[in-house]
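**Q** the sequence and its predicted three-dimensional model are supplied below.
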Number of protein chains: 2
Amino acid sequence: MIKRKKTKAVKVGNVTIGSASPIVVQSMTKVSTQDVGKCVKQVNQLAQAGCKLVRIAVPTKADTAAFAKIVQKVKIPLIADIHFSAQRAIEAIEAGAAKIRLNPGNIKNRKDIFRIIDAAKMHDTAIRIGVNEASIRDLKQDNVSADKRVGLMLKELKQYVTLFESRDFENIVLSAKSSNTARTIEVNRLISNTFQYPIHLGLTHAGLCEDAQIPSAVCLGSLLSEGIGDTVRISIAGNPVVEVGVARSILLSLGLVERQEPEIIVCPTCGRTQIDVVKLAKKVKKAVSECQKPLRIAVMGCFVNGPGEAADADLAICGGKGKAYIYKKGKKTAVVPEAVIIETVLQLIDKF
Amino acid sequence: MIKRKKTKAVKVGNVTIGSASPIVVQSMTKVSTQDVGKCVKQVNQLAQAGCKLVRIAVPTKADTAAFAKIVQKVKIPLIADIHFSAQRAIEAIEAGAAKIRLNPGNIKNRKDIFRIIDAAKMHDTAIRIGVNEASIRDLKQDNVSADKRVGLMLKELKQYVTLFESRDFENIVLSAKSSNTARTIEVNRLISNTFQYPIHLGLTHAGLCEDAQIPSAVCLGSLLSEGIGDTVRISIAGNPVVEVGVARSILLSLGLVERQEPEIIVCPTCGRTQIDVVKLAKKVKKAVSECQKPLRIAVMGCFVNGPGEAADADLAICGGKGKAYIYKKGKKTAVVPEAVIIETVLQLIDKF
């Protein structure tokens, strides 16, 4: 259903960002980089959760030294997060970063930027050029309109891209971030219309998990639904594995990643409902928690809407007073008392 | 930032859907309609939470009788949810429904549809013409492509609109729903390009709260970010007040509703972080939970990124080892030990 915008392919170690490659989920370690053991453990946890690239902050020389060790000990490509130091960037590239994330606006000297580019060329390292709304100088005042803010982000990005291309470097991923959802959506639409480089999507500082999920889903979902975005990172304060889960849910909801487990759709219930739908849905969810079949299972609260609405599901449980009709691919296959609903559903799942 | 698509204004009691009116949040009662007391209580809870319209199922004659009593006892306009019965629709209209929700595909007789339209005209009742992917006959088979499914939903909606217009009735809100996020987005884009009537957005059977939030935010957020959608309902199994909260968060994230409380943005933390950001953010959130000022408060984990990134916030707390720098509108105003961060922040908030 979603037609992805055409972008160039950029290699990041053995992972490809852009072109026809699946959208790459990435995250970031949140333990001290110098604690190599902890860092390696977190990278592995992220990889296990489906994260394809992990970014690591390298603020000091001791961090790039640790980064070099971490690279050796993990199986997925790593990205070094660079801030104000060209020297750190070069150290990270030499340490084996498959990609670095750089805001060129934070590197004062153009010669230093060229030194970074040259090192990246030599080591076949990709560079994400990351612009942040908050670090654009002209925006550090009130009353700058949303349109102007977005325009300035794009303008800054254009300047950097021109600079990198002038040095004959095109191994580039682009990003422009803001903690404002609407502006992040708009600037990325413009970036997608302007460049052919792959786009990294993220919403800065989204917040605590309970506050971050919705704005992140709105922001990234909007762009992804328009075919924009080649790699995503969800920013949530706390355990980064949660970020990967949210990213995956967003991609799943748009059919941009293949489902490997059942999807439980549940009617919201209404004045017609005659069964405790929430309780039943939770039971079904628990019962299939180990199942690895991408089945669509509908839990419906009535016989009025239920059967029709659930016709699209592989299995539908339409609850009534003390019993349920079970539908398989839209066809009624059983009427069972409430007590054996789960058992019946599990038997049917086995046959799929 | 978001330019809403132009739609007609449709009056639903004292609420306007469409045109320049704020996007209307609606929900549905989930207690038995015949339990008038419970129903009134739930309508009031929803209204208190910011819900402007509440829909109520009226499957039987006893339900429309109860509906008539509920209408008298609540202050916000009510919508009657009609399924297969023209008679119920007419009873609900006569009982004072400000709007009814109808899937004309479920009313077999064209004469019956005209009877409903005539009653709605007489009582100045709006009608939402609601098409559901699952109830379209041609779709009740596997292997119908996504494009075809979306096309069939639009085609069906067009037929109904033509029918209603032929009876000189334009007091119409349109919806097309599916439990598939990408198809719901696509069909609503087409509806917006085809009609001038206001659009009701919803994703059917999104699921339990923990599963429903992300697909709902992706789906409705995508459309709203493109200026599509005049009224929204989030479908979540469970307490409907939760639906209103999620709807509000989606609208807030896009700046489509005015914020009346602080927004806490939190850096996701990284290898640079020297303070427990999640703990601090939770403390800040708790401390300002009663505050009714729409302040933007940033909780950042380091001095490297923090100040620049938080420049856009009204207040920023940039944490370091055992202390924090506090920024007001991007300007450093205090350095305080960890123990008095909250106290200092609350004092600063008082002055805003």
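**A** Happy to help now that I have it. Numbering: from 1, shown residues only, chains lettered A, B, ... in the order given.

**Q** show me what the helix or strand containing A:M153 is packed up against.
**A** Following DSSP states H and E, the helix or strand that holds A:M153 is helix A:146-166. In this structure, helix A:146-166 makes packing contacts with helix A:110-123, strand A:126-132, strand A:172-177, helix A:181-194, judged by 3 or more C-beta pairs under 8 Å, 6 or more residues apart in numbering or on different chains; DSSP states H and E. Using the backbone N, CA and C atoms, a C-beta is placed for each residue, glycine as well.

**Q** can you give me the helices in chain A?
**A** For chain A, the helices identified by DSSP state H occupy A:36-48, A:61-73, A:86-94, A:110-123, A:146-166, A:181-194, A:209-225, A:240-253, A:277-287, A:306-309, A:341-351, in order along the chain.

**Q** picking that back up, in the helix holding A:M153, what counts as buried?
**A** For helix A:146-166, burial by neighbour count (16 or more other C-beta atoms under 10 Å in any protein chain shown) applies to A:149-150, A:152-154, A:156-157, A:160-161, A:163-164.

**Q** what's the closest non-adjacent residue to A:A287?
**A** By the measure of C-beta to C-beta, 6 or more residues apart in numbering or on different chains, the closest residue to A:A287 outside its immediate chain neighbours is A:I342, 5.0 Å from it.

**Q** what about the nearest residue to A:R115 once chain neighbours are set aside, how many neighbours?
**A** By the measure of C-beta to C-beta, 6+ apart, the closest residue to A:R115 outside its immediate chain neighbours is A:A86, 5.9 Å from it. A count of neighbours around A:A86, defined by other C-beta atoms under 10 Å in any protein chain shown, yields 20.

**Q** so for A:A86, what's the pLDDT?
**A** We note a pLDDT of 97 for A:A86 in this prediction.

**Q** residue contacts, it?
**A** A:A86 makes contact with A:107, A:109, A:112-113, A:115-116, according to C-beta atoms under 8 Å, 6 or more residues apart in numbering or on different chains.

**Q** tell me the one of these nearest chain B?
**A** Lowest distance from chain B to the contacts of A:A86 (C-beta to the nearest C-beta) belongs to A:I107, with 14.0 Å.

**Q** residue contacts, the closest one?
**A** With contact taken as C-beta under 8 Å, 6+ apart, A:I107 is in contact with A:84-86, A:89, A:113, A:116.

**Q** are any of those residues buried, and if so which?
**A** Neighbour-count burial within the contacts of A:I107 applies to A:85-86, A:89, A:113, A:116; the criterion is 16+ other C-beta under 10 Å.

**Q** correct me, but A:V24 touches A:V232?
**A** Yes - counting by C-beta atoms under 8 Å, A:V232 is a contact partner of A:V24 at 7.5 Å.

**Q** so between these two, which is more surrounded?
**A** A:V232 (26 against 23).

**Q** skipping adjacent residues, who's closest to that one in space?
**A** Nearest non-adjacent residue to A:V232, counting by C-beta to C-beta, 6+ apart: A:L201, 4.8 Å away.

**Q** I figured that neighbour hits A:G229, correct?
**A** Yes - between A:L201 and A:G229 there is a contact under C-beta under 8 Å: 4.2 Å.

**Q** now list whatever residues contact both of these two.
**A** Residues touching both A:L201 and A:G229 (C-beta under 8 Å, 6+ apart) are A:188, A:220, A:223.

**Q** which of those residues come close to chain B?
**A** Cross-checking the shared contacts of A:L201 and A:G229 against chain B (C-beta under 8 Å from any C-beta of the partner chain) gives A:L220 as the overlapping residues.

**Q** among the shared contacts of A:L201 and A:G229, who's most crowded?
**A** Using other C-beta under 10 Å as the neighbour definition, those reach their maximum at A:L220, which records 32 neighbours.

**Q** what sits against that one?
**A** Contacts of A:L220 were listed using C-beta under 8 Å, 6+ apart, and they are A:201-203, A:229, A:232, A:234, A:247, A:250, B:218.

**Q** for B:H200, see how far away it is.
**A** With the distance defined as C-beta to C-beta, to the nearest Å, A:L220 ends up 24 Å from B:H200.

**Q** with A:I76 instead?
**A** The spacing between A:I76 and B:H200, counted by C-beta to C-beta, is 44 Å.

**Q** quick one: neighbours of A:K61, just the number.
**A** Residues within reach of A:K61, counting by other C-beta under 10 Å, total 12.

**Q** shouldn't it be in contact with A:R88?
**A** Yes - contact criterion C-beta under 8 Å: A:K61 and A:R88 qualify, at 7.5 Å.

**Q** domain map for chain A?
**A** Domain assignment for chain A, taken from automatic domain parsing, gives A:10-253, A:263-350.

**Q** quick one: distance of stretch A:281-292 to the chain centre.
**A** Taking the mean C-alpha point of stretch A:281-292 and that of its whole chain, the gap between them comes to 25 Å (C-alpha atoms, centre = their mean, to the nearest Å).

**Q** what lies in contact with that stretch?
**A** Stretch A:281-292 is contacted from outside by A:260-262, A:264, A:266, A:295, A:297, A:299, A:317, A:341-342, A:345-346, A:349, B:207-208, B:237, using C-beta under 8 Å, 6+ apart.

**Q** CA atoms only for that stretch, dumped as CSV, please.
**A** Below are the C-alpha coordinates for stretch A:281-292, written out as CSV (Å, rounded to 0.1, in the frame of the first residue of the first chain):
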residue,chain,number,x,y,z
ALA,A,281,-8.8,-10.3,24.9
LYS,A,282,-6.1,-10.3,27.6
LYS,A,283,-6.6,-14.1,28.1
VAL,A,284,-6.3,-14.6,24.3
LYS,A,285,-3.2,-12.4,24.2
LYS,A,286,-1.6,-14.3,27.0
ALA,A,287,-2.5,-17.7,25.5
VAL,A,288,-0.8,-16.9,22.2
SER,A,289,2.2,-15.0,23.6
GLU,A,290,4.5,-17.8,22.4
CYS,A,291,2.9,-18.3,19.1
GLN,A,292,5.0,-17.4,16.0
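
**Q** would you mind listing the buried residues in it?
**A** A:281-285, A:287-288, A:291.

**Q** can the worst-scoring helix or strand of chain A on mean pLDDT be said to contact chain B?
**A** Taking mean pLDDT, DSSP states H and E as the measure, chain A has helix A:306-309 as its least confident helix or strand, at a mean of 73. Yes - Helix A:306-309 comes into contact with chain B (C-beta under 8 Å from any C-beta), by way of A:308-309.

**Q** and that helix, what's buried?
**A** When burial is assessed from 16+ other C-beta under 10 Å, helix A:306-309 yields the following buried residues: A:306-309.

**Q** for A:T333, which non-adjacent residue is closest in space?
**A** The spatially closest residue to A:T333, leaving aside those adjacent along the chain, is A:I326, at 5.6 Å (C-beta to C-beta, 6+ apart).

**Q** ok, now A:S178?
**A** In space, and not counting its chain neighbours, A:S178 is closest to A:E133: 3.8 Å by C-beta to C-beta, 6+ apart.

**Q** contacting residues for that neighbour?
**A** With contacts taken as C-beta under 8 Å, 6+ apart, A:E133 has the following neighbours: A:139, A:149, A:153, A:176-180, A:183, A:187, A:204, B:312.

**Q** what's the lowest-pLDDT member of the residues you listed?
**A** Comparing pLDDT over these singles out A:L139 as the least confident position, at 61.

**Q** ok, now how distant is A:R259 from A:L252?
**A** Computed with C-beta to C-beta, the distance linking A:R259 and A:L252 is 6 Å.

**Q** these two - which one has more neighbours?
**A** Just comparing A:R259 and A:L252: by other C-beta under 10 Å the higher neighbour count belongs to A:L252, 20 against 14.

**Q** the more buried one reaches A:Q260, doesn't it?
**A** No - using C-beta under 8 Å as the test, A:L252 is too far from A:Q260 to be in contact (9.5 Å).
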